[in-house]
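Visitor: generate coordinates for the sequence data below:
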Amino acid sequence: MTFEQILEKVRSRKADTSNVDFLAVQIDLEGKNGGTFYVEIKNGNVSVEPYEYNDRSCRFRISSDNFLRLMDGTLDPKLAFMTGKLKIDGDISKALEFGRLIKS
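Guide: Residues are numbered from 1 along each chain as shown. Now for the predicted structure:
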């Protein structure tokens with residue numbers, strides 16, 4: 001899957017964001033078909049753009065394949081973090097909140 005296809009898959013994803021006031025996560029996809037994009041949730045609205053987000057809540061660094069596995073539910077976010085497949089910089093509580101949104 002290309003970076004653009006991954007971006008479209010994230011954009012088409014539906015999640016219940018009604019309880020989220022603000023969350024900004026930058027995702028750095030590493031390896032083949034890698035790239036950087038952010039997911040911003042503000043007042044229940046979701047934006048996904050192929051740019052860096054300087055005032056982000058946290059940043060995920062993960063391979064494209066493992067990110068797709070996270071989205072499909074075949075890779076648990078906590079297990080990915082504990083095994084080094086997912087690296088997180090920033091607010092861990094916000095990363096956990098984003099992980100719950102991915103799984104929903």
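Visitor: tell me how far the most centrally placed residue in the chain lies from S18.
Guide: Note on the chain: the residue nearest the mean C-alpha position is I27, at 5.3 Å, using Cα atoms, centre = their mean. Plainly put, I27 is 22 Å away from S18 if you go by Cβ to Cβ, to the nearest Å. Just so you know, the C-beta spots here come from the backbone N, C-alpha and C atoms, and that holds for glycine as well.
Visitor: buried residues in stretch 72-81?
Guide: For stretch 72-81, the neighbour count (16 or more other Cβ atoms under 10 Å) marks 75, 77, 80-81 as buried.
Visitor: closest to K94 out of the residues you listed?
Guide: Of all those, P77 has the smallest distance to K94: 12.5 Å, by Cβ to Cβ.
Visitor: now render the buried residues of stretch 72-81 as CSV, adding secondary structure, distance to I102 and pLDDT.
Guide: Output for the buried residues of stretch 72-81, formatted as CSV (DSSP: H, G, I helix; E, B strand; the rest coil; distance: Cβ to Cβ, whole Å; pLDDT from 0 to 100):
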residue, secondary structure, distance to I102, pLDDT
L75, coil, 10, 91
P77, helix, 7, 85
A80, helix, 11, 92
F81, helix, 13, 91
